[in-house]
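**Q** Structure here, sequence nowhere to be found:
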């Protein structure tokens, strides 16, 4: 295991709603090594984005971190001052949004927006660039994301570009300021399949070249499988399983992971995929024990009462389920 | 690049020109501005502007020599109207130059920090100013101070900024949740950058439109203050003062009141038409 870049421990996040709390993220733990590619999967609404936003300290106003710590290069992000967090945002961590098409200011040209980011991130790194150098970097950034005719695109307003192009501009912008960690929150959602594939390859390539770590959140399990080193499976705010990509896909252990993989439609046909019965628990009153218990086929009496901890199952394979014994 | 800008300008001009009322507004505004700037040269009797007495020609009805007639001191009303544009425009422009940046910046800050204590404090103060009828507030302030042109300008400024604060607040607080503002925050942009480079440029067109429309209203309220004797004082030829001076001689010497009043109406109408035209122009450009 390479050097640790980011480590989340026992993170719990509640959302304050009228008179009560949505207990969304519950005791989540997470580890990213230097230059490691991590996948984060799980169904919609299970706290993936919330966890990522906590890393960027970009949670909504009504979100409360009730316990846990987020260590980035050994320092706790939760306790950082606004100045420190700004510095991290400028040069260390960047994030690609779920809907990056809206992430561009409509009244400025692409070029102006990219240069702003380049100026900020280079200032944070202690460099001062001339206008020409910044423009060169902007062109380079657009070339990196396979945009044709970058010179012209720099002169365009966001409205003049298609959704996929805007998304690539945003990815280019995110890559500019990502020194150590890039969080890609479903970067492929508004791209067509061929471009999505291209973008993911591109991300993988860039990440490898620069030794940047990446956290890829995606519903496209195939894309996750093809790109990342390790995969975390999240259900209802807790990590339920983590393993090397190949191990996870060849031998999923947690009942949720098994069920999740069954829901994927196969390109070979072979019948309608099997959905998971039930739905994500009510976050106002989540189950006392394992949060997957109400939907689980293997539910046992203990599941209702106690929260399962991570159990080691072979190398780097951990699962939070009472069905398994710790083999270490 | 300049080629493209030229083309955009031409397109905007064609769009603006397609509405005859907007063009009429622009022409009236340009005319008023021209007359105001060059009044010493275009006025037929430039000596009439202030302290000038010519009792031989007092209270003359409109004629070729004095198209708008003369007042009790024999001053040419047409010339005084031209000079009056000067004072009224000066008042409107200085008030807006003072008020618009101030109100906008306060509103931006309150909007960006929406939900915080700062927002509450700023917006409740704004609400207090908005709750008092503006003309009453202006009258109160002017009555407290010495009635001069400068003091009436101050009074109007005090009651005018909350409108811009409200406008900027509304836009800023909705833009604050837009992805591009969040994205800027997440790339580590500083607060001034977010306020002035991300949010402000998106507020420019409504603020600009409101400014144009407001020139008319500021002139109106300034004239009202002059009319009740709390604004510019004789012999300064502010339009409101001239209307007030003429009322004593109504209806026999009607031209002393009617012509300055028409001048006020003409100016306000011109600015309103222009403002409407600009609003349409910018609204379409925005999409």
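**A** Done, it's in. Just so we're clear, the structure is a prediction, and the values are computed from it rather than from any experiment.

**Q** residue contacts, the closest residue to residue A:317 other than its chain neighbours?
**A** Nearest residue to residue A:317, sequence neighbours excluded (Cβ to Cβ, 6 or more residues apart in numbering or on different chains): residue A:243, at 4.1 Å. No exception for glycine: its C-beta is placed from N, CA and C like everyone else's. Going by Cβ atoms under 8 Å, 6 or more residues apart in numbering or on different chains, residue A:243 touches A:230, A:231, A:253, A:316, A:317, A:318.

**Q** Please confirm that residue A:243 is located within a strand.
**A** Yes: under DSSP: H, G, I helix; E, B strand; the rest coil, residue A:243 falls within a strand.

**Q** who touches the most centrally placed residue in chain B in this structure?
**A** Among the residues of chain B, the one closest to the centroid is residue B:215, at 1.8 Å (Cα atoms, centre = their mean). For residue B:215, the contact set (Cβ under 8 Å, 6+ apart) comprises B:89, B:92, B:93, B:96, B:271, B:275.

**Q** I'd guess the second one is in a strand, am I close?
**A** Read that as residue B:92. No: Residue B:92 is assigned helix when assessed by three-state DSSP, not a strand.

**Q** Run a quick neighbour tally on it.
**A** Around residue B:92 there are 24 other residues, counting by other Cβ atoms under 10 Å in any protein chain shown.

**Q** ok, now how distant is it from residue B:35?
**A** Going from residue B:92 to residue B:35 by Cβ to Cβ, to the nearest Å gives 15 Å.

**Q** Name only those of the contacts of residue A:243 that count as buried.
**A** A:230, A:231, A:253, A:317, A:318 (16 or more other Cβ atoms under 10 Å in any protein chain shown).

**Q** mind checking pLDDT for the residue of the stretch 151-287 of chain B found nearest chain A?
**A** Chain A sits closest to residue B:188 of the stretch 151-287 of chain B, with a gap of 3.3 Å, by Cβ to the nearest Cβ. Predicted confidence (pLDDT) for residue B:188: 81.

**Q** Contact partners for it?
**A** Contacts of residue B:188 (Cβ under 8 Å, 6+ apart): A:86, A:87, A:88, A:89, A:90, A:91, A:120, A:121, A:124, A:177.

**Q** mind redoing it with 7 Å?
**A** A:86, A:87, A:89, A:90, A:120, A:124 (Cβ atoms under 7 Å, 6 or more residues apart in numbering or on different chains).

**Q** May I have the secondary structure class of residue A:215?
**A** Criterion first, three-state DSSP; result for residue A:215: strand.

**Q** Tell me if I'm right that it and residue A:33 touch.
**A** No: Residue A:215 is beyond contact range of residue A:33, at 11.5 Å (criterion: Cβ atoms under 7 Å).

**Q** Tell me which of these two has more neighbours.
**A** For residue A:215 versus residue A:33, neighbours defined as other Cβ under 10 Å are more numerous around residue A:215 (25 against 17).

**Q** surely residue A:278 meets residue A:293?
**A** No: if you go by Cβ under 7 Å, residue A:278 and residue A:293 don't touch, sitting 10.5 Å apart.

**Q** who's more crowded, these two?
**A** More neighbours surround residue A:293 than the other of residue A:278 and residue A:293, with 21 against 10 (other Cβ under 10 Å).

**Q** tell me the strands in chain A, going along the chain?
**A** A:4-17, A:20-33, A:37-41, A:63-72, A:75-76, A:93-96, A:181-185, A:213-217, A:230-235, A:238-244, A:311-312, A:318-319 (DSSP state E).

**Q** Would you format these as TSV with mean pLDDT included?
**A** Listed next are the strands of chain A as TSV, based on pLDDT from 0 to 100:
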stretch	mean pLDDT
strand A:4-17	90
strand A:20-33	89
strand A:37-41	92
strand A:63-72	91
strand A:75-76	90
strand A:93-96	86
strand A:181-185	89
strand A:213-217	91
strand A:230-235	92
strand A:238-244	91
strand A:311-312	88
strand A:318-319	90
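
**Q** Give me whichever of those strands is most buried.
**A** Mean neighbour count (mean count of other Cβ atoms under 10 Å in any protein chain shown) peaks for strand A:93-96 among these, with a mean of 28.

**Q** So what are the sheet partners of it and their directions?
**A** strand A:181-185 (parallel) (DSSP bridges).

**Q** where's the strand it pairs with relative to the chain centroid, distance-wise?
**A** Relative to its chain's centre, strand A:181-185 lies at 5 Å (Cα atoms, centre = their mean, to the nearest Å).

**Q** Tell me which residues of the least confident helix or strand in chain B by mean pLDDT come out buried.
**A** Ranked by mean pLDDT, DSSP states H and E, the weakest helix or strand in chain B is helix B:2-17, scoring a mean of 83. By neighbour count with 16+ other Cβ under 10 Å, helix B:2-17 contains the buried residues residue B:16.

**Q** Which strands and helices lie in contact with it?
**A** helix B:255-286 (3 or more Cβ pairs under 7 Å, 6 or more residues apart in numbering or on different chains; DSSP states H and E).

**Q** Let me see the contact set for residue B:59.
**A** Per Cβ under 7 Å, 6+ apart, neighbours of residue B:59: B:70, B:72, B:253.

**Q** need those in CSV with secondary structure, neighbour count and distance to residue B:138, can you?
**A** What follows is the contacts of residue B:59, written out as CSV (DSSP: H, G, I helix; E, B strand; the rest coil; neighbours: other Cβ atoms under 10 Å in any protein chain shown; distance: Cβ to Cβ, whole Å):
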residue, secondary structure, neighbour count, distance to residue B:138
B:70, strand, 28, 31
B:72, coil, 15, 28
B:253, coil, 19, 29
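
**Q** Would you check these and say which has the weakest pLDDT?
**A** Lowest pLDDT among these: residue B:72, with 84.

**Q** State the distance from it to chain A.
**A** 55 Å (Cβ to the nearest Cβ, to the nearest Å).

**Q** what's that residue sitting at in phi/psi?
**A** phi -60, psi -30 (degrees, to the nearest 10).

**Q** Not counting its neighbours along the chain, what's nearest it?
**A** residue B:58 (5.6 Å).

**Q** How many residues are close by that neighbour?
**A** Neighbours of residue B:58 (other Cβ under 10 Å): 14.

**Q** Report the beta-bridge partner residues of the residue nearest to residue A:317.
**A** Taking DSSP bridges, one obtains residue A:231 as the residues bridged to residue A:243.

**Q** Quick check: the gap between it and residue A:3.
**A** From residue A:243 to residue A:3 the distance is 20 Å (Cβ to Cβ).

**Q** Is it correct that residue A:274 is in contact with residue A:263?
**A** Yes: with contact defined as Cβ under 7 Å, residue A:274 reaches residue A:263; the gap is 6.4 Å.

**Q** So what's the gap between stretch A:112-127 and the chain middle?
**A** Put simply, stretch A:112-127 sits 24 Å off its chain's centre (Cα atoms, centre = their mean).

**Q** Go through that stretch and flag the buried ones.
**A** So for stretch A:112-127, counting by 16+ other Cβ under 10 Å, buried means A:113, A:114, A:115, A:116, A:117, A:118, A:119, A:120, A:121, A:122, A:124.

**Q** and chain B, which of those contact it?
**A** Applying Cβ under 7 Å from any Cβ of the partner chain, the subset of the buried residues of stretch A:112-127 adjacent to chain B comprises A:117, A:120, A:124.

**Q** still on that earlier bit, determine which two of the buried ones among the contacts of residue A:243 are furthest apart.
**A** A:230 and A:253 (14.5 Å; Cβ to Cβ).

**Q** Closest one of the contacts of residue B:188 to residue A:225?
**A** residue A:89 (30.3 Å).

**Q** ok, and the nearest residue to residue A:103 once chain neighbours are set aside, which helix or strand is that part of?
**A** Excluding the flanking residues, the one nearest residue A:103 by Cβ to Cβ, 6+ apart is residue B:183, at 3.9 Å. Secondary structure from DSSP states H and E places residue B:183 in helix B:179-186.

**Q** and the angle from that helix to strand A:181-185?
**A** Counting by axes from the mean of the first three to the mean of the last three Cα atoms, to 10 degrees, helix B:179-186 lies at 160 degrees to strand A:181-185.

**Q** Nice, that's everything, thank you.
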